[in-house]
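A.B. asks: Have a look at this prediction, sequence included:
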2 protein chains.
Amino acid sequence: MARVLILGGGFSGVFTAKNLAKSAPAGTEVVLVSETNYFTFQPLLPEVAAGALSASDSVTQLRQLLKGQNVKVVQAEVLNVDFSAKTVTVTQGSKRRIKDMRYDQLVIAMGQVVRLDRVPGLAEHSFPVKTTAHAHRLRNHVINCLEYADGLEDTEVRKRLLTFVVIGAGFSGVETIGEVKDMIDRSLKFYPNIAKDEVRMVLVEFAGRILGELPESLAKYAEKRLQKQGIEIWLNTGVKAASFFNVEMNDGRVIDTSTIVATIGNGASPLIEAMPVDKERGKIKTDAFMRVAGVDGVWAVGDVALIPMKDKKGNDTFAPPTAQFAVREGAQLARNIAASLKGQGLKAFHYVPRGSMASIGNYRAVADAMGVRLSGVLAWLMWRVFYLGMLPGMVTKIRVVIDWVMDLFAPRNLGQISELKTGSAKFMRFTKGQTVFEPGMTANGFYTIVEGSFSICIESAQGGETFKRVLKKGDHFGERVLFRPDKRMHTGRVEALEDSVVLRLEKQDFWNLAHSMPMLENYFRDYIKEKFPKDLQPEGIEPPGEQK
Amino acid sequence: MARVLILGGGFSGVFTAKNLAKSAPAGTEVVLVSETNYFTFQPLLPEVAAGALSASDSVTQLRQLLKGQNVKVVQAEVLNVDFSAKTVTVTQGSKRRIKDMRYDQLVIAMGQVVRLDRVPGLAEHSFPVKTTAHAHRLRNHVINCLEYADGLEDTEVRKRLLTFVVIGAGFSGVETIGEVKDMIDRSLKFYPNIAKDEVRMVLVEFAGRILGELPESLAKYAEKRLQKQGIEIWLNTGVKAASFFNVEMNDGRVIDTSTIVATIGNGASPLIEAMPVDKERGKIKTDAFMRVAGVDGVWAVGDVALIPMKDKKGNDTFAPPTAQFAVREGAQLARNIAASLKGQGLKAFHYVPRGSMASIGNYRAVADAMGVRLSGVLAWLMWRVFYLGMLPGMVTKIRVVIDWVMDLFAPRNLGQISELKTGSAKFMRFTKGQTVFEPGMTANGFYTIVEGSFSICIESAQGGETFKRVLKKGDHFGERVLFRPDKRMHTGRVEALEDSVVLRLEKQDFWNLAHSMPMLENYFRDYIKEKFPKDLQPEGIEPPGEQK
């Protein structure tokens, strides 16, 4: 029985799975692995950020979406892909136990991640809009700025709080600035001390025009509308650096602001980066059939892939990273995998888009649909109908329509959706005999013993001595594995000898802290060298393979 | 012009403000200070946790709620109350600048906080249900348990993941276990490998019966219904300890579980605890007029206050901590403050409750309304109508009704609402000349320099020497103020000398870590002693005045 493993639960992964379940030979097992249990409909996130829709409008449970489709859904984080052994290593649940999943055919559909590291300070001080958590955070932050500015006399801080900058004028940037502007305009009646002209909004774009995917005439219209709403547009402007207080452009201009929304900077995740396959522009290169060269039975689809195709004039190009294309790519890929399982011929991916549109706030949109160009309120209605059509699930569609209608007539709710202030240092309690780690788990943090005691026991894989010790109050564990990025390294067993309390620091925080404070780094280097037998020592002190 | 400062935006604070704005003498300034910008309608949180309602259904912006009422709303965190100077110290925004607010009359309406520290492990390993963030977290966690268990063969872990324990069988506990049970029952069709009888739910109560505020016959009915739905009820059972893997009862019974919901353990916040006024059972004692003895112009109302009153038989008792009472207390307090401003006599608080009810899940409730006792579907409808009446704002009411109707007919959305994984160690970038701290700010973290350099300058208040130093890569700042709980301590100025990056660790995490690792604690003690002049040194190394 052939097993097809699909990694990723976005448009491309879901549509590959849906279509494959129908067309694959009987007995084929289709498994979709996703880090989240839901599919996010990203085009609606700007409206979630503006409080027009609720977060649940933009997410659909994958099991619900694929119900009755003969697809098995597994919520898990992918740690590693081994192309020669044809296995994918994942963790689930508390994210510590490791599991290998075998595949015959592998579909990589993991999309891209936000990578802002090329601009100093941007990763640290900007708001992306890729998940519902991002949308909530942006919304809460904008409301915070209004709440704080309303009672403030310091004009410098006030100005900073009331200046909102969006980087990138693609669909996401334009829709986000339009929606946030709407939200603020509608909210000012509750903030009597903020004048409308105190609010400044700037849309920054590297190219010479906004909405690069739309015809120029429509983009021009959108530009004019946005400007008429009071949004500044800075074209031909790159971002040089960001800080806690401001954002600096390539041409030297600086905007003082507390709010930088970044809709640029998509890139490969560390997992994709580490894969031994050909890449270009941070994407996995495929052939026209979406096969990945040099590895057997591996396909890539959606934003993660660079798929060659012909445009409508017959010129060579690549499939653009949009939802419309991802849906068609998934369908074609499913046919190709089915054909390959049946020993039939493959077909190159080809699709001529029917059009595209962008909402620009204030009940207006621009659209280019099957050759017809529209702008204004009618285009905005079309935009809504079109996205409604793409939204998965009848219930979600109904909910979104209801929320849209409510939003037309009712004042918007400006109550914040509270977020947990989760510090990364957390106390945990283990009673006598409970195990914190078993051999074969991944290390997930650095543990300091606050109360009680633990035994630690690590058997050497190379037949060296077994490391055994009793750790007491003030001692710590986890430091050794966290200094070694290898996810397969030999972990030991840690067991509470009495009722005990530990303080656990998240692994990335531990690494960042240890690496930033020479005092700490030296302490841990010496500690590991001194305490552990040679063959249990990390080979080098390197950061874990993750981003800041 | 008299200024009345109301601290807290719950039922009691909001209703005091609303009524006072109407009845106070002309020219009275009414200011409501709340840490959140919204009012949370807690009775709906179990339904948010179960995904029947969305988070925004249960929160209403305070400014919207008090619009046109002549009440000024300030979103700020209260750091300190000085009864002799008649000032309240607050921080706003990035929470570093300190501001004093003067008052003539002060209303303390800050409610209670979750205090689980009396049971070892419970604070660390349980889920409270007091905010929308709590509700989201519980919902995400329950869904995680189902997702993980569905693919798992390890029977021990599987059992733990599918066992859900709720501590406390008051309104909140009963409604939460009923709603979560409903959500799981309705969801199992998406988890083909989980059998219904594998899911175990246990409601644990210290008293000899559930729903202590309702007549016994109704509580009995509720018990039977819950049991019929498959919920175990453990009465006369106290909780002794909790851990990462289980919860232990006073009688020695242990339940292996990954989910402990705690609806018990309300207590005084550290701020209230530190106030120099009479307290009993963690509440501020007032007289029958809601005045706080020994301090001039100070009142307390709602859950934070212990208000003496007569019950309907004329016996001495205290006003119970319910929404119904808080609303009436607020109204009476407003009249008393208005009377006091006009020099008229005060009136003692008195209220005979009209009834109470509890929803128990599966479209059923129990109710005791004006002497009539009801249970079942009709009571459940009454429950909904009653709470709808109490919900603030017509728009919210309409949204809730729509969501309720949708939930009757449509499958529930089990997509998780993503939460940000916010580690507490964050990189921040400051450009040349930008200041991290100015004199008079509160310290909010521990900063290590990763790149660049900073100058630090602290002027001594006592006329001692000014402390000046240049800090470079690997150096740190913030450690001195974090070792001193006094929120008014003399902070200095820290300024970037070039474009620089720091790693900031949240203050509580810093303290927890430094205090747990003797190596770190000794290092910082020595560092502070060695580097700073005597009069800038903290008097003792004590934790900041916050909870874990």
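C.D. replies: Yes, it's here. These numbers were taken from a predicted model, which means no experiment stands behind them. Numbers count the residues shown, from 1 in each chain, chains lettered A, B, ... in the order given.
A.B. asks: For the rest of this, base every contact and every neighbour count on C-alpha atoms.
C.D. replies: Will do.
A.B. asks: residues in contact with A:A334?
C.D. replies: Counting by Cα atoms under 8 Å, 6 or more residues apart in numbering or on different chains, A:A334 makes contact with A:T16, A:A17, A:N19, A:L20, A:S23, A:A24.
A.B. asks: Of those residues, just say which sits nearest to chain B.
C.D. replies: Distance to chain B across those (Cα to the nearest Cα) is lowest for A:A17, with 16.6 Å.
A.B. asks: Spatially central residue for chain A, please.
C.D. replies: Note on chain A: the residue nearest the mean C-alpha position is A:V113, at 5.0 Å, using Cα atoms, centre = their mean.
A.B. asks: shouldn't that residue be in contact with A:T263?
C.D. replies: No. Between A:V113 and A:T263 there is no contact under Cα atoms under 8 Å: 11.3 Å.
A.B. asks: For my notes, confirm A:A367 occurs in a strand.
C.D. replies: Yes. Counting by DSSP: H, G, I helix; E, B strand; the rest coil, A:A367 is part of a strand.
A.B. asks: Could you tell me the phi and psi values at the closest residue to it other than its chain neighbours?
C.D. replies: Spatial nearest neighbour of A:A367, chain neighbours left out: A:M357 (4.0 Å); criterion: Cα to Cα, 6 or more residues apart in numbering or on different chains. Taking degrees, to the nearest 10, you get phi -150, psi 160 for the backbone angles of A:M357.
A.B. asks: Show the model's pLDDT score for A:M357.
C.D. replies: You'll see A:M357 listed with a pLDDT of 87.
A.B. asks: Next up, the contacts around it.
C.D. replies: A:L214, A:A365, A:V366, A:A367, A:D368, A:A369, A:A379, A:W383.
A.B. asks: Can you tell me how far the fifth one is from A:W383?
C.D. replies: Meaning A:D368. 10 Å (Cα to Cα, to the nearest Å).
A.B. asks: got it, and the first one?
C.D. replies: In this structure, A:L214 and A:W383 are 14 Å apart, going by Cα to Cα.
A.B. asks: For the stretch 101-250 of chain A, what lies in contact range of chain B?
C.D. replies: Counting by Cα under 8 Å from any Cα of the partner chain, the stretch 101-250 of chain A comes close to chain B at A:120-121, A:124-125, A:131-134, A:144-145, A:147-148, A:151, A:190, A:242-245.
A.B. asks: 6 Å - rerun?
C.D. replies: Applying Cα under 6 Å from any Cα of the partner chain, we find that the stretch 101-250 of chain A lies next to chain B at A:G121, A:E124, A:T132, A:A133, A:Y148, A:S243.
A.B. asks: tell me the contacts of the residue nearest to A:P518 when sequence neighbours are not counted?
C.D. replies: Setting aside the residues directly before and after it, A:P518 is nearest to B:G474 in space (Cα to Cα, 6+ apart), at 5.9 Å. Contacts for B:G474 (Cα atoms under 6 Å, 6 or more residues apart in numbering or on different chains) come out as A:M517, A:P518, B:I449.
A.B. asks: Can you tell me the closest non-neighbouring residue to the first one?
C.D. replies: The spatial neighbour of A:M517 that comes closest, neighbours along the chain excluded (Cα to Cα, 6+ apart), is B:G474 at 5.2 Å.
A.B. asks: so where's the stretch 351-500 of chain A shaky on pLDDT?
C.D. replies: For the stretch 351-500 of chain A, the stretches flagged by pLDDT under 70 are A:421-423, A:461-463, A:484-490.
A.B. asks: quick revisit: of the contacts of B:G474, which belong to helices?
C.D. replies: Residues from the contacts of B:G474 lying in helices, with DSSP state H as the criterion: A:P518.
A.B. asks: quick one: low-confidence parts of chain A?
C.D. replies: Using pLDDT under 70, the flagged stretches of chain A are A:94-95, A:421-423, A:461-463, A:484-490, A:539-548.
A.B. asks: Looking at it, which residue reaches furthest from the middle?
C.D. replies: A:E465 (43.0 Å).
A.B. asks: Contacts only, for that residue.
C.D. replies: By Cα under 6 Å, 6+ apart, the contact set of A:E465 is empty.
A.B. asks: Helix, strand, or coil at it?
C.D. replies: What three-state DSSP gives for A:E465 is coil.
A.B. asks: distance of it from chain B?
C.D. replies: 28 Å (Cα to the nearest Cα, to the nearest Å).
A.B. asks: Near the residue of the stretch 401-548 of chain A found nearest chain B, how many other residues are there?
C.D. replies: Residue of the stretch 401-548 of chain A nearest chain B, by Cα to the nearest Cα: A:G415 (4.1 Å). Using other Cα atoms under 10 Å in any protein chain shown, A:G415 has 25 other residues around it.
A.B. asks: before we move on, what about the one 3 residues further on?
C.D. replies: Applying other Cα under 10 Å, we find 22 other residues in the vicinity of A:S418.
A.B. asks: Skipping adjacent residues, who's closest to it in space?
C.D. replies: B:A133 (5.1 Å).
A.B. asks: Provide a list of residues in contact with that neighbour.
C.D. replies: Residues in contact with B:A133 (Cα under 6 Å, 6+ apart) are A:S418, A:E419, A:L420.
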